[in-house]
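**Student:** attaching a predicted model along with its sequence, questions to come.
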Amino acid sequence: MMLQRMSMIVTLVLASSAAAQTALADSPVGDAVEQIRSGLESTINTGSARLNGNVIFAQGAATALLNQLDLIAAARQGQLVRDLSLAERNLFAEADSLMRSGQAWTATTADQMNTLVRNASNLITLLPGGKSTPILQGISPTFVARTSTDAESFDVTFKGINIGLSTPLMALDSRSCRPKTVTNNEVTFDCPLEGTVDKPTVLEGEVSFFKTVSLWDKLKDFVFRSPPKLQNYVTRITVLPAALGTVDAVMVVPESRTERQVIADSRSDQNGHCAGERRTDFLFVAPTGWKLDPSMTPEVSPDTREASTYIGLTGRTDTQFTLSGTVKNSGQCVKVKIPFAGPQTIAYDARGRVSVGVRYTVIKDVVEDKEVSLPGQPLQWGKDVTIKFPADSKQMRVTVTQLNGISKTTDRSETIGWVEVLMDNASHTAILRPLTPDKALRQ
């Protein structure tokens, strides 16, 4: 049964792939390029927003490939994909396949894209006017991370064929970039970054290279004052916010609290008949580990009988107290001598008694572990964050929440996500050291 299901799935996948290839072959070349463009741009925008490193690293090659497909579409205007040469059909089929893979791009996708770019470059040189066309083959970097909210700049380099015959032009996000170095096959611009971004943002721009023209064309352009012939290409660069995420710290510290307990107790002492007056002391002792609440006095309800009296609180320490009274009978005992029997008591006194009911409060200090959160802090590319925990911290824990929503927690020295954590229990310190954006996005 399992083999049958797998066979059915494979059959459906192959059928779907065949249908897609047929639809591509029957499409006009221009429509096919627009379909591939729509898919690739959607993948780039979504992948950049999710900080998908595989997409971000491949977007430069993907953008170069789209520019090259535009050149082929312009030369093959009005034709169907099926009418193209075998090499051109294969190029479109592979580009379409990568487009359909969407967010499933892998670490090798950039290499696949670069291979297609090289293949497309070779095909462009075979087109009418292809040898005079500057061919863009690579863009780096594909992303840049802000380091602050202040205005700053970064270098972007283009590689290709015949792209530096004259000083090229570039604008990124409607801001002009300054050429820094220009060679025939490599051009570097200095581009400004202004304003802040709070999420990954894809900036679009345009770079323009001068086409190769013959001496006759130069003469005609001079005479007729024709504008220079430029080849314009779209470029995309992802800008990362300066803050890569946040860190929250939690510590486990001993916390002392006072526990209270009210104890109710009672005692009583009674004289025997004919007994004399005497003192009685009732000792009340707090349970082991507890002590008397120093801010409170025992609540006593005394009760005396006959001639007895209650004296009151006569002694107190941290753990015990004494209540005292005098036990005294009322009346008297009467004894007479009876012949042959000796002295006999014929009347008894009333027995004295002292009783106390008492309520008192005892306390003890209980030490428990408690988790305490420290204020969260932002994490920025290229900047360490040091968290100093109190000296009595028994455990230290940090949680890093990244721009892409992923949160990871550790209580030891290790790399979690985009941050290396150095936990020093001896000094009660945690140092968080962000990885470089390049390393972070390659995870």
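**Tutor:** It's in.
**Student:** buried residues in stretch 139-156?
**Tutor:** 139, 141, 142, 143, 144, 145, 146, 154, 156 (16 or more other C-beta atoms under 10 Å). All C-beta atoms are positioned from the backbone trio N, CA, C, and that covers glycine.
**Student:** can you pull out the low-pLDDT segments for the stretch 151-300 of the chain?
**Tutor:** With pLDDT under 70 as the threshold, the stretch 151-300 of the chain has low-confidence stretches at 212-228.
**Student:** if we use 90, what do you get?
**Tutor:** Under the criterion pLDDT under 90, the flagged ranges of the stretch 151-300 of the chain are 151, 164-167, 194-198, 211-230.
**Student:** and residue 120, that's in a helix?
**Tutor:** Yes: Residue 120: assigned to a helix according to DSSP: H, G, I helix; E, B strand; the rest coil.
**Student:** burial measure for it, as a count.
**Tutor:** 24 (other C-beta atoms under 10 Å).
**Student:** same thing with residue 322?
**Tutor:** Applying other C-beta under 10 Å, we find 15 residues neighbouring residue 322.
**Student:** give me the neighbour count for residue 84.
**Tutor:** Residue 84: 19 neighbours (other C-beta under 10 Å).
**Student:** residues contacting the nearest residue to it once chain neighbours are set aside?
**Tutor:** Leaving out its chain neighbours, the residue that sits closest to residue 84 by C-beta to C-beta, 6 or more residues apart in numbering is residue 76, at 6.2 Å. Residue 76 makes contacts with 29, 83, 84, 88, as judged by C-beta atoms under 8 Å, 6 or more residues apart in numbering.
**Student:** which of the residues you listed are buried? Put it as a PyMOL command.
**Tutor:** To isolate the buried ones among the contacts of residue 76 in PyMOL, judged by 16+ other C-beta under 10 Å, type:
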select buried, resi 29+84+88
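**Student:** of the buried residues of stretch 139-156, which pair is most distant in space?
**Tutor:** Maximum pairwise distance in the buried residues of stretch 139-156, criterion C-beta to C-beta, is 19.0 Å, between 139 and 146.
**Student:** sec struct for residue 196, please.
**Tutor:** With three-state DSSP as the basis, residue 196 sits in coil.
**Student:** one more: residue 38?
**Tutor:** Residue 38 - assigned by three-state DSSP - is helix.
**Student:** ok, it - how many residues close by?
**Tutor:** 11.
**Student:** just residue 237 next, same as before
**Tutor:** Quick note: residue 237 (other C-beta under 10 Å) scores 26 neighbours.
**Student:** again with the one 4 residues further on
**Tutor:** Applying other C-beta under 10 Å, we find 19 other residues in the vicinity of residue 241.
**Student:** from residue 140, how far off is it?
**Tutor:** 21 Å (C-beta to C-beta, to the nearest Å).
**Student:** and what of residue 433?
**Tutor:** From residue 433 across to residue 140, the span is 25 Å (C-beta to C-beta).
**Student:** cool, residue 110 as well?
**Tutor:** 11 Å.
**Student:** overlap in contacts, these two.
**Tutor:** residue 60.
**Student:** how about the helices in the stretch 201-350 of the chain?
**Tutor:** Listed in chain order, the helices of the stretch 201-350 of the chain (DSSP state H, counting those that start in this stretch) span 215-223.
**Student:** for stretch 324-333, what is the distance to the chain centroid?
**Tutor:** 80 Å (C-alpha atoms, centre = their mean, to the nearest Å).
**Student:** what is the end-to-end distance of that stretch?
**Tutor:** By C-alpha to C-alpha, to the nearest Å, the extent of stretch 324-333 from end to end equals 26 Å.
**Student:** for that stretch, the averaged confidence score.
**Tutor:** Averaged across stretch 324-333, pLDDT comes to 94.
**Student:** quick one on the thing from earlier: so which one among the buried residues of stretch 139-156 has the lowest pLDDT?
**Tutor:** In this model, the minimum pLDDT among the buried residues of stretch 139-156 belongs to residue 146 (90).
**Student:** distance check, the residue nearest to it when sequence neighbours are not counted against residue 378.
**Tutor:** Of all residues not flanking residue 146 in the chain, residue 242 sits nearest, at 4.1 Å (C-beta to C-beta, 6+ apart). Using C-beta to C-beta, residue 242 is found at 9 Å from residue 378.
**Student:** the more surrounded of the two?
**Tutor:** Between residue 242 and residue 378, counted using other C-beta under 10 Å, residue 242 has the larger neighbour count: 20 against 13.
**Student:** who's in contact with the more buried one?
**Tutor:** Contacts of residue 242 (C-beta under 8 Å, 6+ apart): 145, 146, 147, 148, 149, 196, 380, 381.
**Student:** show me what the first one is bridged to.
**Tutor:** Spelled out, it's residue 145. residue 240 (DSSP bridges).
**Student:** my guess is it contacts residue 381, does it?
**Tutor:** Yes: look at residue 145 against residue 381 with C-beta atoms under 8 Å: they come within range, at 4.6 Å.
**Student:** give the residues shared as contacts by the two.
**Tutor:** The overlap between the contact sets of residue 145 and residue 381 (C-beta under 8 Å, 6+ apart) consists of 240, 242, 244, 437.
**Student:** so which of the residues you listed comes closest to residue 299?
**Tutor:** Nearest member of these to residue 299, counting by C-beta to C-beta, is residue 244, at 62.8 Å.
**Student:** so how far is residue 443 from that closest one?
**Tutor:** Per C-beta to C-beta, residue 244 is found 12 Å from residue 443.
**Student:** for residue 151, same thing?
**Tutor:** Residue 151 is 30 Å from residue 443, by C-beta to C-beta.
**Student:** the strands in the stretch 301-443 of the chain, which residues?
**Tutor:** 309-316, 320-327, 334-338, 342-347, 353-380, 385-388, 395-402, 407-410, 414-416, 419-424, 429-434 (DSSP state E, counting those that start in this stretch).
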